[in-house]
Structure formats: structure tokens, C-alpha cells
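Colleague: mind folding the following:
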Amino acid sequence: MIIMKRLFTIDDFMVALIAALGYGFGENIAYLLGWPQPACIAACFVLGIALEELISAIVFSKAVQKKPINRVITFVVIFLIVVTAQCISVRWMGVSMLAYIMEESAFVIGLPVIGFVINLLLRAYHIRKIRKLYGDGSEGFIFDVKKEDIEETNMQNRAITGEYDKDCAVKTRTGIFIGEKQKNVIRYLGIPYAKPPVGELRWKAPESLPSSENVFEAVNFGASAIQVEHSGVILKLHRQSEDCLYLNIFTGAKKTEAKKPVLVMFHHGDFTCGGSANPLLDGYNYAGSHPDVVFISFNYRLGIFGFIDFSTVPGGEAYPDALNLGLLDQIAALKWIKENIAAFGGDPKKISVIGFESGAASICMLTADKRVTGLFNKAFVFFGSPEMVYDTPDGSRILAENLLKETSTKTMDELVRLDTRSLKDASQKLWKDFCGPVCDGTCFPADLYHAYREGYASDIDFIIGIPSNETSVFRSFVGKKNYEVLISETMSEIKSSINGPIVDAVQEYIRTQADASAKLDTKSKLVEEWLALSIYRVAVSLSEGGSRVYVMYWDEKPVLEKLGSGSVDAVATLLGNSEALRMYGSVMNKDLSLILQTFLLKFIKGESMQLYTNEIKGVDALKWKAFPEDLTVSDGKIMCD
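Modeller: Residues are numbered from 1 along each chain as shown. Model (predicted):
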């Protein structure tokens, strides 16, 4: 089944028929009563619009649209009303309603067509601007950001000692935070969820904040984590600090009695870069479209500050948690959310998590950790699998050894005394040494697939996203030169993890490619398929362990082929961040965004994963079946097998 939004439907014509009667009778009855022309026109519009709203509410109601027989009955009744009205108008008023019906029908057809043409022109305009900035996309992501926007993003929150806006104030255990209202959304930005991991707390597990009655601004993003600054990473423009453990909350401004489900975003960035200040992950548009959901994003430690094994370094035994600090930060954020989200109108019993790339890989690890039991019950993971993390601490130990060499230090005491700048410079030089979590067999199971099959995550529902063109997105982030190095290293890892004749076959196939560019493309595709297979294995293992699993295959074509279409397009589409997506050289399909947002909303609310006809106007009934079936997004259409 292929689904795409139609410009107009038979339901629109049914509504138009009744609206036409309202316009016609309103004008002509007023005329027969001797009303002046302006009053006749007013009566025409008042009765027409009133009937249009009434019949639209009936025709597009769930009761009518979910059952075909109710839809047929409604259409028959409308037809009989129109025939009767025509007879009455001709016999008693000497006026035919057919002219009004024809005009209204032309309006039903014409207005969507005009809108469609305008959207096409706008899309063409945006694509032209993108091509002018990006060329063919071979240089990766280029951000044309205004200086004043950078300055605004880098502003910091302050403590408040005087008067403050009580309407935007929320009291939590760790303080009173004053957000900012923008239209129908209140934003609370830069709320700390753990003690700053600086000084003696560098490379230590996150510690809870003390209780506080102090009042703080919450209108600016907290600092991003110290990170590797690749050419296509936008947060190189944002202030960075070791003091980075902050979260952001977006919620509808209207107060409600019912507690809202909560959606928590885990940011992407290959565990070495990224953060919640990335405009792709901004929750404002999503909260504005879905004020009945509380949206949260947060930062966690990255690179050598978040994932490094010091066990072989003199004094390293005092830092046993350094191996997976970024994940421990994530757990700390979830615990803070669980404890405090009710104050923001959220339901602590209905927390869902969503992550892309390394954010998704993080969720994959956390779902196999008993420490997070009860912290969330639904997970959307896009392009994340156990293959993106270490299966032994060896690689992380090598990273620690290289860090000592790069900083000319020999002990942990010397490392801890280094300033942030020195460590950041070292991490920039060590970018090829992968920094990521480790399945050490102690804190996290050594074999995540086995843990899934054993039911470690059986109480969690999943959506698993598999992209078709993620490696090109990665190249756009890190640049062509770095990309070639990383692809070659990943291919070596793949070959070392497989056995038998297939290794020789892979090597021979690569060798036969005509030139270096073709060889790189072949390696990239093999890496892509290997990762896609590992993600599919996650879906299989979770399903075998008792989890309810839905799979989405993302095959949207990019505006510029060399920029790719994967996590960047998917996250912007799901959150409705069209302007941010244009910064990344692509254009969002708004109809597709509306459909996928509706499915995401149903998922986090625990509703049935299906759309009834015209639940979204112009979209036919669609059921997203559980794994092994899948939902495919391709060329602006949705296909469900």
C-alpha cells in the first residue's frame, strides 16, 4: 500500500455541498426579507461558514471516518439534503442552489491547487538557495549563520534575586526555574540536572544536585560538551565547557489537569560531538504542534571526557566510571526528569526516549541496563546498534595511552591538573581514536543481542529506524579526508569480525573497482549495509525477547546526493524543523512530516499505530504493522508492507 496526501477528497466535496447551501440560503433569505446589500452579504458568510464548520466536524469525525458504513450513510444523507434544498429553493424562493454549489466546488478544487503550486515554487526557491550555497554538496555541511544569532545562542542564564515572571516559574527539588513564553509554548533552557563535572569531579560519575530554593533564569541553552570540531559540526559555533550537564524542556503554555506524556531526545554526534543546542533538535516546533507532549533534550559528556578507560594508567583505579561516563550522565538526566517532570505538567510514568545515530546507540545500551528499569517505557532508535560501541575495553585503554602521550603526562594526577584547553586540543588530534561506550560485561552486558533475546528490554516498545544513505551524511559532518580514513578503519573492523570465504570475496570485489573514488564508494556501501544489518539484528533480537517492535526504513532522496539523507532529514521531519533542515542543505516534505509526527504521537501515547481515513485530511487509512512488517518512507510517500 502506497500512501501520500491528496489535495482534495470526496469528503471535501460533501462539506462543500452543505456550505454552498448555507451561502445560498443566507444571501437569498436576507434578500427576500428586504435587508440591505451589506447585510445580505454578511448573512451569506455567517450561515455559510457556520454550516461549513458544523458539517466538517461531522464528516471528518472519528465516528464517521473510522467506519466505512457510517461514511456512506453520511454521504447519502448529505446528498438527500442537497436535493431537498434545491427543490425548496426553486419552488418557494425562485432561486437555484446549483450555481452556489458549482462556485463552492470550484473553490474546493482551486484553493488546494493554488496552495500546491505555491509550495512547489517555494520548494524550488529554497533548493535554488541551497545549491547556490552548497554547490554539489561535496564540501559537506556549510552553515550560513548570522553573527547576532550566534551571540544570542551563546548567552548564559543568571541567578535571579528580584521579581520574576510567576506564570513561567516552575519549582523543582533543585531550584525554581523561570522559562520564557513564545506564542503557545514555554521554553525552559539550560536547567542543570547534575553537579558540574569539573575540578575533582572530572572523569567521575555524575552527582545529584542538592535541594535548593534559589531562583534561576532558564532562557538560554547551557554550554555544549567539549567536543571534536569537525568541519560540518554546527556546535563549533556554540560555547563549550566541561560544565555541560544541562537539559531543556518545551511544553504547551496552556495549563491542563491531565499529565502529559514526555519525549526525551538523545542527541547524535558519534559520541565525540553534538549537543542539545543544535537547531535540528530544537523542541519548539514540536511542542507548538503537540502541546499535549512535554519535549526534553539534554547534553552529556563526550569524547575523552565521557568515554575513556584509565584502568592501566597510574592512579586510574580512582576513576572506574570513566569508561562510560556519557551513559551515566544520560541515566542521571533520566532520573532528574523522572523526579521533577510532574512540575512541568509531564507524566513521570509515561516517558519515551528518542535518539539518532550515537543517541540511538546509547538507548540501545541503556535498554539492557537494569539501572534504567522504570525510567522510560518506549524508545525510538534511528540508526543505532551495538556495532557502534566497543565490545571490549581494549580500544578505550589504547585511547587513554595515546592521551598520555599527546599531553606528555604519565599519571592521573597530572591529567586531572591539565586545563580544559589542553585536553580539548589533545582530543582534536586524537579524533581517529574512537571514543565511545564499552560493553564491559559489568555495567553493561558484553553481548547486547543476547541480552535483548533474554528479555532485558521486554517491558519497552520500540520503533527501529534504518536509513539508506547515512554514510554520506557522516561524510558531510567530518569532511572527505577524515571520512576516507574512518571508512577504511571501519572496513578493517568488519573484515576482522567475519570469517571464511566472504572476507576474500569482499576484498576481491573492492580490488576490482576502477579507481580510488569507486573503491571508496564501494567501501561506504558495504559499511552502510553492515550497519543496516546490525540494526535489523536489533529488531530481531528485541522481538524474540518479547518487545513490541516497529521498523521504519528511510529511503528519502536528498536534495544534494553528496550530502546524503538519513538522520539529519529524519530528525528534522519528525520534529517539524524545516528551517533548520534548510541550513543542512535539504528541504522538508511537510505532508510527510505531519504523518510521521502523528505516528510518533500515537506511539508515545500508547495508542494503536494506525491512521483512519482522513484522520489527517487527504490521507487514506494506514496501519503500521509490527515487525517483521515495516514502514518505508521514500520519495515523499509512505509504503506499508
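Colleague: center of the chain, which residue is that?
Modeller: residue 571 (3.6 Å; CA atoms, centre = their mean).
Colleague: that one and residue 474, how far apart?
Modeller: 14 Å (CB to CB, to the nearest Å). Glycine gets a C-beta too; all of them are placed from N, C-alpha and C.
Colleague: equivalent analysis for residue 213, please.
Modeller: Residue 213 sits 46 Å away from residue 474, going by CB to CB.
Colleague: neighbour count winner among those two?
Modeller: Counting neighbours by other CB atoms under 10 Å for residue 213 and for residue 474 shows that residue 474 has the greater number, 24 against 8.
Colleague: show me what contacts the nearest residue to residue 387 once chain neighbours are set aside?
Modeller: Nearest non-adjacent residue to residue 387, counting by CB to CB, 6 or more residues apart in numbering: residue 534, 4.1 Å away. Taking CB atoms under 8 Å, 6 or more residues apart in numbering, we find residue 534 in contact with 385-387.
Colleague: so residue 534: helix, strand or coil?
Modeller: Assigned by DSSP: H, G, I helix; E, B strand; the rest coil, the conformation of residue 534 is helix.
Colleague: quick one on the thing from earlier: pick the one among the contacts of residue 534 closest to residue 583.
Modeller: Nearest to residue 583 among these is residue 385, at 27.9 Å by CB to CB.
Colleague: now stretch 46-54: buried residues?
Modeller: 47-48, 51-52 (16 or more other CB atoms under 10 Å).
Colleague: ignore the last one, stretch 402-410
Modeller: Result for stretch 402-410 [16+ other CB under 10 Å]: buried residues 402-404, 406-407, 409.
Colleague: kindly report the same for stretch 476-493.
Modeller: Here stretch 476-493 shows 476-479, 482-484, 486-487, 490-491 as buried, counting by 16+ other CB under 10 Å.
Colleague: try stretch 7-19
Modeller: 8-9, 11-19.
Colleague: so which of those belong to helices?
Modeller: 11-19 (DSSP state H).
Colleague: count the neighbours of residue 234 for me.
Modeller: When neighbours are counted by other CB under 10 Å, residue 234 comes out with 20.
Colleague: go ahead and confirm it touches residue 142.
Modeller: No: counting by CB atoms under 8 Å, residue 234 does not reach residue 142; the two are 10.1 Å apart.
Colleague: strands of the stretch 351-500 of the chain, residue ranges please.
Modeller: Along the stretch 351-500 of the chain, the segments classed as strands by DSSP state E, counting those that start in this stretch run 378-382, 461-467.
Colleague: want to try CSV for the ones you listed, with mean neighbour count and mean pLDDT as columns?
Modeller: CSV is the format used below for the strands of the stretch 351-500 of the chain (neighbours: other CB atoms under 10 Å; pLDDT from 0 to 100):
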stretch, mean neighbour count, mean pLDDT
strand 378-382, 25, 98
strand 461-467, 25, 96
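Colleague: can I get the ones you listed in CSV including distance to residue 432?
Modeller: Shown next, in CSV, are the strands of the stretch 351-500 of the chain (distance: least, CB to CB, whole Å):
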stretch, distance to residue 432
strand 378-382, 25
strand 461-467, 24
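Colleague: ok, longest helix in the chain?
Modeller: Every helix in the chain considered (DSSP H), the longest is helix 98-134.
Colleague: which other helices and strands contact that helix?
Modeller: helix 10-32, helix 578-583 (3 or more CB pairs under 8 Å, 6 or more residues apart in numbering; DSSP states H and E).
Colleague: least confident of the ones you listed, on average?
Modeller: When the helices and strands packed on helix 98-134 are ranked by mean pLDDT, helix 10-32 comes last with a mean of 91.
Colleague: tell me the mean pLDDT for the helix or strand that comes right after that helix?
Modeller: Using DSSP states H and E, the helix or strand that follows helix 10-32 in sequence is helix 37-59. Helix 37-59 shows an average pLDDT of 93 in the prediction.
Colleague: thinking again about what came up before, would you convert the contacts of residue 534 into a markdown table that also reports neighbour count?
Modeller: Shown next, in a markdown table, are the contacts of residue 534 (neighbours: other CB atoms under 10 Å):
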| residue | neighbour count |
| --- | --- |
| 385 | 24 |
| 386 | 25 |
| 387 | 20 |
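Colleague: keep only those of these that are in helices.
Modeller: Those of the contacts of residue 534 lying in helices (DSSP H): none at all.
Colleague: nearest to residue 467, of those?
Modeller: Nearest to residue 467 among the contacts of residue 534 is residue 385, at 12.1 Å by CB to CB.
Colleague: residue 58 and residue 65, how far apart?
Modeller: 10 Å.
Colleague: the more surrounded of these two?
Modeller: residue 65 (20 against 16).
Colleague: quick one, what contacts that one?
Modeller: With CB under 8 Å, 6+ apart, residue 65 has these contacts: 11, 59, 71, 612-615.
Colleague: before we move on, back to that, select, out of the helices and strands packed on helix 98-134, the one closest to residue 281.
Modeller: With CB to CB as the criterion, residue 281 lies closest to helix 578-583 of these, at 8.4 Å.
Colleague: show me how far the following helix or strand past the closest one is from its chain's centre.
Modeller: Downstream of helix 578-583, the first helix or strand assigned by DSSP H and E is helix 590-605. Relative to its chain's centre, helix 590-605 lies at 11 Å (CA atoms, centre = their mean, to the nearest Å).
Colleague: show the average pLDDT along helix 590-605.
Modeller: Helix 590-605 comes out at a mean pLDDT of 96.
Colleague: name the residues that touch that helix?
Modeller: Contacts to helix 590-605, defined as CB under 8 Å, 6+ apart, come from residues 3-5, 119, 261, 263, 286, 289-290, 293, 350, 352, 354, 378, 380, 461, 463, 550, 556, 573-576, 578, 608-609, 611, 615-616, 619, 622, 624, 631, 633, 636, 638.
Colleague: that helix vs helix 98-134, what angle?
Modeller: Comparing the axes of helix 590-605 and helix 98-134 via axes from the mean of the first three to the mean of the last three CA atoms, to 10 degrees yields an angle of 90 degrees.
Colleague: okay, now the domains of the protein?
Modeller: According to automatic domain parsing, the chain comprises the domains 2-124, 137-640.
Colleague: so residue 474 makes contact with residue 483?
Modeller: Yes: taking contacts as CB under 8 Å, residue 474 lies within contact range of residue 483: 6.6 Å.
Colleague: from residue 367, how far off is the residue lying closest to residue 545 once chain neighbours are set aside?
Modeller: Setting aside the residues directly before and after it, residue 545 is nearest to residue 455 in space (CB to CB, 6+ apart), at 4.4 Å. Distance, residue 455 to residue 367, using CB to CB: 11 Å.
Colleague: still on that earlier bit, so for residue 304, which of the helices and strands packed on helix 98-134 sits nearest?
Modeller: Nearest of those (CB to CB): helix 578-583, 28.6 Å.
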